[in-house]
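[1] need a structure here:
(2 chains)
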Amino acid sequence: MTGLPGEGLESVELPAGGLIPLVEALLFVATAPVSVRRLAEATGTTEGQVRAALTQLAQHLAEGWHGIELRAVAGGYRLFTKKALGNCVECFLQPARAPLSGAAMETLAIIAYKQPITRAEIEAIRGVNCERSLRTLLERNLIRETGRLEAPGRPFVYGTTREFLEHFGLADLSQLPPPEAFGRQP
Amino acid sequence: MGRVTDDPRIKIDGFEGSVEDLLLRVARGEHDPMNVCLDAILDQGLPQLGSGEKLDLGAAAVFLVAALRLLDRKAVALLPGDGPAQPEEPGGEADPEESAAELMEHLMQYRGFKEAAGVLRRFEEEHRHCFARPGEDVRSPQDTGLEGVTLDDLLAALGRIWDRLDPAPPGEIAREEITVAARVRDLVRGLRQAGGESSFSAFFSGQTTRLEVVVTFLALLELIRLRRVTVRQNAAFGEIWIYLCPRGVAGDGIAG
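    Residues are numbered from 1 along each chain as shown, chains lettered A, B, ... in the order given. The predicted model follows:
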């Protein structure tokens, strides 16, 4: 097997050992999280087989002498450098990754838990104007306008984006703690 | 629950903590509002917010709002008996008891979100040391996709096209539904067919009405915002060029 996608793979029971390198190669070149479904299509296998391969791949990579690991983010899988190596990798890449300000983070938390939500509703909770925070979050593509409220003025409603999940390393929104966990009496 | 953000901490008679914690205590009746000295609060809190270039405007706004609410509570406490007999005004304190409960609920809700923000902060901190292969079109958040082009240049170019349009033709004008989203899809398809690049003028070729031109311009701005295109102008007042950006493996919500 030369590993070309679709090459006689459709009806073949592929052992997990043969699928692992293929999945690893696809994830290596991918520039965004890849879903299990997409991997299954690309390799001509079933989702169950892909999941088994991913599990084994994750175990292999978790071993000490690999610098990358497999993680689930934003509804798919992606290879990441290990956290312990972060400092050196960061210096190497020199990316511009300014952390969010407190105000922007609060605004983002409100949107994450209450989406879809209008600007007026956000400002009612925070008690202050949120225009700057909203602009920053929109520019960084962490939130987007998901529609309009059917009310006078038809204001925009906001929700979080896939980029939001990627920024925080979340597989999906359910990974956030439930709302009941917050606001307890001190 | 500990502090989740760096709110200014104040220390006055019998209390140490953030202004919002104080406000909560006052609203719950655990702290006498008469015992609250606004002067001391501002003197202690304001320096902690930074000054000049370093002033955290967001935190300052929140701090001041909380301080004003304390002032409000104190004012209510100062009024004799059941408070003045006023007609119900918007925002008027017709029933101090009730508004204290509302205030408390509101503060608890806000406190909840501050804790949630703290959780997000931890997720962010955890994840920012992990790097993945950057996408082909990876750019820093500050990159707008405009190279040598300002918004004024775009508007000037739009102006030239606008002037060339005939005024609304006489006769019946059917109200046509053109959505920006549909136009965005058309433009992406058109760019693909043109080999991924197009001049600004060509972008608008075939547009005869003002509505079409406006919708097309809005669609272009949307494409810039979504980072689906890069816009470049090589010479001052020269032709503006629009380039379709290569996409990553994952889609970005635009079909086609």
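[2] for chain B, what are the low-confidence residue spans?
    B:1-6, B:81-98, B:135-145, B:167-176, B:236-237, B:247-256 (pLDDT under 70).
[3] so how far is the longest helix seen in it from its chain's centroid?
    As assigned by DSSP state H, the longest helix anywhere in chain B is helix B:96-127. Relative to its chain's centre, helix B:96-127 lies at 19 Å (Cα atoms, centre = their mean, to the nearest Å).
[4] What of stretch B:151-165?
    Using Cα atoms, centre = their mean, the offset of stretch B:151-165 from its chain centre is 28 Å.
[5] That stretch: which residues count as buried?
    B:Asp153, B:Leu154, B:Ala157, B:Leu158, B:Ile161 (16 or more other Cβ atoms under 10 Å in any protein chain shown). Where you see a C-beta, it was placed from the backbone N, CA and C, and this is true even at glycine.
[6] And for stretch A:20-40?
    A:20, A:22-24, A:26-27, A:30-36, A:38-40.
[7] which of these come close to chain B?
    For chain B, the contacts drawn from those by Cβ under 8 Å from any Cβ of the partner chain are A:Ala30, A:Thr31, A:Ala32, A:Pro33, A:Val34, A:Arg38.
[8] Widest-spaced pair of those residues?
    Put simply, by Cβ to Cβ the two of those set farthest apart are A:Thr31 and A:Arg38, 13.1 Å from each other.
[9] hang on, B:Ser198 in a helix?
    No. Under the criterion used here (DSSP: H, G, I helix; E, B strand; the rest coil), B:Ser198 is strand, not part of a helix.
[10] what bridges to it?
    With DSSP bridges as the criterion, B:Ser198 is bridged to B:Ile242.
[11] what about it, how many neighbours?
    The tally of other residues near B:Ser198 (other Cβ atoms under 10 Å in any protein chain shown) stands at 21.
[12] what's it in contact with, if anything?
    Listed by Cβ atoms under 8 Å, 6 or more residues apart in numbering or on different chains, the contact partners of B:Ser198 are B:Gly190, B:Leu191, B:Trp241, B:Ile242.
[13] How about the contacts made by the first one?
    The contact partners of B:Gly190, taken as Cβ under 8 Å, 6+ apart, are B:Ser198.
[14] roughly how far apart are it and chain A?
    24 Å (Cβ to the nearest Cβ, to the nearest Å).
[15] where does that residue fall, phi/psi-wise?
    phi -60, psi -40 (degrees, to the nearest 10).
[16] which one of the buried residues of stretch B:151-165 is nearest chain A?
    B:Leu154 (17.8 Å; Cβ to the nearest Cβ).
[17] close enough to count as contact, that closest one and B:Ile240?
    Yes. At 7.0 Å, B:Leu154 counts as touching B:Ile240 under the criterion of Cβ atoms under 8 Å.
[18] Please enumerate the shared neighbours of those two.
    Overlap of the contact sets of B:Leu154 and B:Ile240 (by Cβ under 8 Å, 6+ apart) consists of B:Phe200, B:Val231.
[19] List the buried residues for stretch A:158-178?
    A:158-162, A:164-170, A:176.
[20] my bad, should have said stretch A:110-126
    Applying 16+ other Cβ under 10 Å to stretch A:110-126 flags A:110-114, A:117-119, A:121-123, A:125-126 as buried.
[21] which helices and strands sit right next to the lowest-mean-pLDDT helix or strand in chain A?
    Counting by mean pLDDT, DSSP states H and E, chain A has its least confident helix or strand at helix A:86-93, which shows a mean of 82. Judged by 3 or more Cβ pairs under 8 Å, 6 or more residues apart in numbering or on different chains; DSSP states H and E, helix A:86-93 is in contact with no other helix or strand.
[22] and whatever helix or strand comes next after that helix with helix B:96-127, angle?
    Downstream of helix A:86-93, the next assigned helix or strand under DSSP states H and E is helix A:102-114. If you take axes from the mean of the first three to the mean of the last three Cα atoms, to 10 degrees, helix A:102-114 sits at 100 degrees to helix B:96-127.
[23] could you give the mean pLDDT of helix A:102-114?
    What helix A:102-114 shows for mean pLDDT is 93.
[24] What segments of chain B are strands?
    Using DSSP state E, the strands of chain B run over residues B:9-12, B:15-18, B:146-147, B:197-199, B:229-233, B:240-244.
[25] What of chain A?
    Going by DSSP E, chain A shows strands at A:68-73, A:76-81, A:117-118, A:143-148, A:156-160.
[26] out of those, which comes closest to chain B?
    Closest among those, once you apply Cβ to the nearest Cβ, is strand A:76-81, at 4.1 Å.
[27] Provide a list of residue ranges in chain A with pLDDT below threshold.
    For chain A, the ranges with pLDDT under 70 are A:1-17, A:94-98, A:183-186.
[28] Let me have the biggest helix by length in it in PDB, keeping just the CA atoms, if that works.
    For chain A, the helix that runs over the most residues, judged by DSSP H, is helix A:47-62. Written as PDB, here are the backbone C-alpha positions of helix A:47-62 (Å, rounded to 0.1, in the frame of the first residue of the first chain):
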ATOM      1  CA  GLU A  47     -15.100   6.500  11.600                       C
ATOM      2  CA  GLY A  48     -14.600   3.700  14.100                       C
ATOM      3  CA  GLN A  49     -11.300   2.700  12.500                       C
ATOM      4  CA  VAL A  50     -10.200   6.300  12.500                       C
ATOM      5  CA  ARG A  51     -11.000   6.700  16.200                       C
ATOM      6  CA  ALA A  52      -9.000   3.600  17.000                       C
ATOM      7  CA  ALA A  53      -6.100   4.900  15.000                       C
ATOM      8  CA  LEU A  54      -6.300   8.300  16.700                       C
ATOM      9  CA  THR A  55      -6.300   6.600  20.100                       C
ATOM     10  CA  GLN A  56      -3.200   4.600  19.300                       C
ATOM     11  CA  LEU A  57      -1.500   7.600  17.700                       C
ATOM     12  CA  ALA A  58      -2.200   9.700  20.800                       C
ATOM     13  CA  GLN A  59      -0.600   7.100  23.000                       C
ATOM     14  CA  HIS A  60       2.500   6.800  20.700                       C
ATOM     15  CA  LEU A  61       3.000  10.600  20.700                       C
ATOM     16  CA  ALA A  62       2.500  10.900  24.500                       C
END
